[in-house]
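Asks: What follows is a predicted protein model with its sequence.
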Amino acid sequence: MKVYKPEWQCTFSVNEGVEESASWKARIAWRMRKFADKLDGGGRTIQIDCNVTPQVSRQDIDTCLGKGFEVTQNLLTQLAHQAACEDVMRDAKAELFEEDNRS
């Protein structure tokens, strides 16, 4: 009896800047991205490298990335909510947040 063994591989990396070993073309591209971020104001450029074997469709990869960014937004929204609550508590009950200076 033949035993079948599925094999797959997925590498995923996110970069926010040029690597030291990058080619001159990559360095120019990242300089242009930084310039575009400055023009747009407040933006953030990232490069996503995703290699999947066996190959999956670009649409499936885009769907997964979109869902990942939705999760990221939810997490950041939760962090912002927590920070806002802490700010209110620090203002309303500052004594709870004072460092204990007694030795």
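Replies: Thanks, I have the structure now. Residues are numbered from 1 along each chain as shown.

Asks: okay, now F97: neighbour count?
Replies: 10 (other C-beta atoms under 10 Å). Every C-beta, even on glycine, is put in place using the N, C-alpha and C of the backbone.

Asks: Surely it and D87 touch.
Replies: No - taking contacts as C-beta atoms under 8 Å, F97 lies outside contact range of D87: 10.5 Å.

Asks: hey, which helix is longest across this structure?
Replies: Identified as the longest helix of the chain according to DSSP state H is helix 58-92.

Asks: Output the contacting helices and strands for that helix.
Replies: Contacts defined by 3 or more C-beta pairs under 8 Å, 6 or more residues apart in numbering; DSSP states H and E place helix 58-92 against strand 47-53.

Asks: And the contacts of the strand it packs on?
Replies: By C-beta atoms under 8 Å, 6 or more residues apart in numbering, the residues outside strand 47-53 that reach it are 8-16, 61, 65.

Asks: 7 Å instead, please
Replies: When contacts are defined by C-beta atoms under 7 Å, 6 or more residues apart in numbering, strand 47-53 is touched by residues 8-15, 61, 65.

Asks: next one: it to chain centre, how far?
Replies: On the basis of C-alpha atoms, centre = their mean, to the nearest Å, strand 47-53 sits 14 Å off its chain's mean C-alpha point.
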